[in-house]
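Chemist: Test case, fold it:
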Amino acid sequence: MIKNLLKNPVVSYLLVFLITLPAVISVIRPGFYPMHDDFQVIRTFEMDKCFKDGQFPCRWVPDMGFGYGYPQFNYYAPLPYYIMELTHLVGFSFIDSVKLFIVLITLASAAGMYLFARYLWKNNLSALISTVLYVYLPFRAVDMYVRGAIPELTAMAVIPFLFLFAAKMAGGEKRSVFWFVISAAVLFLSHNIATLIVTPAVVLWTVYLTIRERNWPRVPWTIAGFAIAAGLSAFFIFPAWIEKGYVHINTLTSGYFNYLAHYVSLPQMLLSNHWGYGSSELGINDDIYLGVGIVQWISALVGVIAVFLTKKHKQIGSTLFLFVLGWVSLFLMHERSSFIWEKVEILSFIQFPWRILMLTGFLFAAVAGGIMIIPKTVLKWIAVGVVIVSVIVLYGNFFKPSQWLKTTDSQKLTGEAWTKSITASLYDYLPVSAKEGPDYEAKGEPVVKNGRADIVSGERGSNWQRWNVNVFSDEAEVELQLFYFPGFSVKVDGIASDIDYDNTYGLITVPLEKGEHQINARLENTPVRRAANIVSLLSLVPLGYIFFKRK
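Modeler: Here you go, the predicted structure:
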């Protein structure tokens, strides 16, 4: 009877919803909670300013960087914040937009795993087991309630869809290329680091499936899928990579963010169940959960054994591939893998090797679905019971914040909370024009550096400033409270003006003659940004072709 009920799509997805609800129930109430990356509200607030100002794609935000502005979304994947801004525009507060996104992205993660595991195992019970293990992956609780790493949560939601549509492409299923492109583009636009971690795994999965199916004509479509996804994401990924020299990126991989300080020991990976709301530190004294989950890896092991014992030949290859890939990804978290990190320099941008848990957790959860192909019904239900009870006992207490704050948007975006939000990440994307970061908040209106002048009036937008200045001396210099960044143009009375930014903080300084003047400063597109925008628009053409193509 239960088996027949699970064949009903409505019942299946209702179960997926009910499985997921306890993981997110803690955020469904007024207020907010503390997290390491406590910039989700301010980033959404800044994205709102971009939207209302017509800056699209959003690249420069006006309040971050201690009020001097900086190129947040030229380098930091923007998609989650576009979505949160859309929910804000329909009436949700900034705080509620963030919490709603957390709920929706967790549900999407559960649905994706259910669909992938059902495709892999052709078994609804297997799909439900895999979903439980993926939703209650301890690293998800870390990202959700400790670190507040919403872009990583977004990546965790898209991983199952990427593997699913890659498998369907290899099988020749129509429309799979279209959905693969959408999934890959979502990954590229959601988290730079997850893209580094997940893309090679998806490529290996695709290569394995192509060889297994001997479906060589699908290879060009797979390559095209990645290319079109990159094209759709070009407006972000091209400037983020090509223009990386315009900001102090060395701060992203040095000091605390050096990967050498964040390897994970074998006992931590597999046996520890220590939970904490602290941080990752050098050595083994991390006050944060950095394991893949005892239930997850044991269930995956049992799943592999079940497949071999029951001789399910169609699943043996896929199961073994995913299982081995999971252990390889765990190896990359251990210090023994340092020779790989040293050889592949781009890996340093991952910062924390344990971030690979987002991939490992998915792989082990998927393989664990093999438990349910055991022939005897009694053993199946014993396995289901053991997995669910173990997850509740071991991880049930992880999925909640350390404390709950009765705060509102106005409280979050004013006073001490505001100052912390605009200063704590000052060095993330500080333009190289600044020799060092300022130690005081921007004054808002320009500062007269030389000569005598008054700032009569003015206003600032997301990526522009306009000021009316009355100069009394023969000459004067006015310093805008604005970091210089390539693309900024300044006009005085409608005519392009020379500027100078050779000062400690790299602030734009404008020379003026005696009289009344209007200064207009605006961030324009560089040739790279302009070309990237055009590539993204043109990529809609092949995407539409794939969508409407019948074969």
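
Chemist: Any idea how many residues pack against residue 474?
Modeler: Other residues within reach of residue 474, judged by other C-beta atoms under 10 Å, total 9. Every residue, glycine included, has its C-beta placed from N, CA and C.

Chemist: Quick one: residues contacting it.
Modeler: 451, 513, 514 (C-beta atoms under 8 Å, 6 or more residues apart in numbering).

Chemist: at 6 Å instead, please
Modeler: Neighbour list for residue 474: residue 514 [criterion: C-beta atoms under 6 Å, 6 or more residues apart in numbering].

Chemist: what's whichever strand or helix holds residue 320 in contact with?
Modeler: According to DSSP states H and E, residue 320 maps onto helix 313-331. Residues from elsewhere that reach helix 313-331 (C-beta under 6 Å, 6+ apart): 208, 212, 269, 304, 307, 337, 356, 359-360, 363-364, 366-367, 370.

Chemist: do stretch 263-270 as well
Modeler: In this structure, residues lying in contact with stretch 263-270 by C-beta under 6 Å, 6+ apart are 284, 290, 291, 292, 330, 333, 334, 335, 353, 354.

Chemist: Can you flag the buried ones in these?
Modeler: Listed as buried from these are 290, 291, 292, 330, 333, 353, 354; burial here means 16 or more other C-beta atoms under 10 Å.

Chemist: Out of these, which comes closest to residue 496?
Modeler: residue 353 (48.1 Å; C-beta to C-beta).

Chemist: Could you verify my assumption that the closest one touches residue 333?
Modeler: Yes. The pair residue 353 / residue 333 is scored as a contact, 4.5 Å apart, by C-beta atoms under 6 Å.

Chemist: Count the residues that sit near residue 61.
Modeler: Tallying neighbours of residue 61 according to other C-beta under 10 Å, which is how burial is gauged here, yields 27.

Chemist: Can you mark which positions in stretch 535-544 are buried?
Modeler: For stretch 535-544, a neighbour-count test (16+ other C-beta under 10 Å) marks 535, 536, 539, 542, 543 as buried.

Chemist: what's the answer for stretch 161-172, then?
Modeler: Those buried within stretch 161-172 under the rule 16+ other C-beta under 10 Å are 161, 162, 163, 164, 165, 166, 167, 168, 169, 170.

Chemist: pLDDT-wise, which helix or strand of the chain ranks last?
Modeler: Every helix and strand of the chain was ranked by mean pLDDT, DSSP states H and E. The lowest is helix 2-6, at a mean of 58.

Chemist: packing partners for whatever helix or strand comes next after that one?
Modeler: Counting by DSSP H and E, the next helix or strand C-terminal to helix 2-6 is helix 9-24. Contact analysis of helix 9-24 by 3 or more C-beta pairs under 6 Å, 6 or more residues apart in numbering; DSSP states H and E lists helix 94-121, helix 124-135 as its packing neighbours.

Chemist: before we move on, the earlier item: determine which two of the contacts of helix 313-331 are furthest apart.
Modeler: 212 and 269 (29.4 Å).

Chemist: between those two, which one's more packed in?
Modeler: Counted by other C-beta under 10 Å, residue 212 and residue 269 do not tie: residue 269 has more neighbours, with 20 against 13.

Chemist: Could I get the buried residues of stretch 535-544 in TSV, plus columns for distance to residue 414?
Modeler: What follows is the buried residues of stretch 535-544, written out as TSV (distance: C-beta to C-beta, whole Å):
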residue	distance to residue 414
535	40
536	36
539	41
542	47
543	43
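
Chemist: Return the member of these nearest to residue 21.
Modeler: Comparing the buried residues of stretch 535-544 against residue 21 with C-beta to C-beta places residue 543 closest, at 34.2 Å.

Chemist: low-confidence ranges in the stretch 251-400 of the chain?
Modeler: Low-confidence segments of the stretch 251-400 of the chain, defined by pLDDT under 70, span residues 376-377.

Chemist: Let me see the ranges of the helices in it.
Modeler: Along the stretch 251-400 of the chain, counting by DSSP state H, counting those that start in this stretch, helices occupy 266-270, 294-310, 313-331, 338-343, 357-368, 377-395.

Chemist: Dead centre of the chain: give me the residue that sits there.
Modeler: Nearest to the geometric centre of the chain sits residue 151, at 2.4 Å (C-alpha atoms, centre = their mean).

Chemist: doesn't residue 192 make contact with that one?
Modeler: No. In terms of C-beta under 6 Å, residue 151 does not count as a neighbour of residue 192; the distance is 8.3 Å.

Chemist: shared neighbours, the two?
Modeler: With contacts defined as C-beta under 6 Å, 6+ apart, the residues shared by residue 151 and residue 192 are residue 77.

Chemist: so the closest residue to residue 421 other than its chain neighbours, which of the three states?
Modeler: Counting by C-beta to C-beta, 6 or more residues apart in numbering, residue 42 is the residue found nearest to residue 421 once chain neighbours are left out, at 4.0 Å. Secondary structure for residue 42, judged by DSSP: H, G, I helix; E, B strand; the rest coil, is helix.

Chemist: roughly how far apart are residue 42 and residue 91?
Modeler: 20 Å (C-beta to C-beta, to the nearest Å).

Chemist: So for those two, which sits in the more crowded spot?
Modeler: When neighbours are counted by other C-beta under 10 Å, residue 42 and residue 91 differ, and residue 42 comes out ahead with 23 against 8.

Chemist: Give me the distance between the host helix or strand of residue 518 and the centre of its chain.
Modeler: Element membership of residue 518, judged by DSSP H and E, is strand 507-523. Taking the mean of its C-alpha atoms, strand 507-523 sits 38 Å from the chain's own mean (C-alpha atoms, centre = their mean, to the nearest Å).

Chemist: what is the rounded mean pLDDT of it?
Modeler: Per-residue pLDDT values across strand 507-523 average out to 95.

Chemist: Show me the contact partners of it.
Modeler: By C-beta under 6 Å, 6+ apart, strand 507-523 touches 60, 463-471, 474, 476-480, 482, 484, 487-488, 490-493, 497, 499-501.

Chemist: among those residues, which ones are buried?
Modeler: With burial judged by 16+ other C-beta under 10 Å, the buried subset of these is 60, 463-465, 467, 469, 471, 476-480, 482, 484, 487-488, 490, 492, 497, 499, 501.

Chemist: Looking at the residues you listed, which are in strands?
Modeler: Using DSSP state E, the members of the buried ones among the contacts of strand 507-523 that fall within strands are 464-465, 467, 469, 471, 476-480, 482, 488, 490, 492.
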